[in-house]
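**Q** Quick check, what structure comes out for this input:
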Amino acid sequence: MSHQAQRQFQEKFVVRLPDGMRDKIARLARSNDRSMNSEIVHRLEYTTELETALERANKIIDKLLSGSSAGNAVMHAGAEA
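**A** Reported below is the predicted structural model:
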């Protein structure tokens with residue numbers, strides 16, 4: 001049994017989808033060998049993890065740029081473009 005199949009879902013949430021979205025999710029789910037529900041949950045989890053990783057990366061970039069003369073040169077060059 002897959003990890004997804006072992007998971008017990010506690011909450012239900014009804015979502016109204018824009019026209020065509022259900023068919024798109026169904027196609028994606030089939031191509032990934034998942035149920036529509038599993039596809040939606042997977043994509044929500046992936047998106048939230050990606051946002052967290054991007055926030056960390058942006059903080060590191062900000063820290064690097066604020067503390068170095070090279071970073072200041074990059075920021076200055078970007079402002080001139």
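
**Q** Counting by contacts, list what whichever helix or strand K24 is part of packs against.
**A** K24 belongs to helix 21-31 when elements are defined using DSSP states H and E. Helix 21-31 is packed against helix 36-66, with contacts defined by 3 or more C-beta pairs under 8 Å, 6 or more residues apart in numbering; DSSP states H and E. All C-beta spots, glycine's among them, are computed from the backbone N, C-alpha and C.

**Q** For the residue most central in space within the chain, give me the pLDDT.
**A** The chain has T47 as the residue nearest its centroid, 1.9 Å off, counting by C-alpha atoms, centre = their mean. Confidence at T47, expressed as pLDDT, is 97.

**Q** again, but for the one 5 residues further on
**A** Note for T52: predicted pLDDT of 96.

**Q** And for L28, the neighbour number?
**A** 15 (other C-beta atoms under 10 Å).

**Q** where's it relative to A57, distance?
**A** Spatial separation of L28 from A57 under the definition C-beta to C-beta, to the nearest Å is 26 Å.

**Q** just to revisit the earlier point, hey, C-alpha coordinates of the helix holding K24 in PDB?
**A** This file holds the C-alpha atoms of helix 21-31, laid out as PDB (Å, rounded to 0.1, in the frame of the first residue of the first chain):
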ATOM      1  CA  MET A  21      -9.800  22.700 -14.200                       C
ATOM      2  CA  ARG A  22     -11.400  19.400 -13.200                       C
ATOM      3  CA  ASP A  23     -10.500  17.800 -16.500                       C
ATOM      4  CA  LYS A  24      -7.000  19.200 -16.300                       C
ATOM      5  CA  ILE A  25      -6.500  17.700 -12.800                       C
ATOM      6  CA  ALA A  26      -8.000  14.400 -14.000                       C
ATOM      7  CA  ARG A  27      -5.500  14.200 -16.900                       C
ATOM      8  CA  LEU A  28      -2.600  15.100 -14.600                       C
ATOM      9  CA  ALA A  29      -3.700  12.500 -12.000                       C
ATOM     10  CA  ARG A  30      -4.000   9.800 -14.700                       C
ATOM     11  CA  SER A  31      -0.500  10.600 -16.000                       C
END
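
**Q** All set, thanks.
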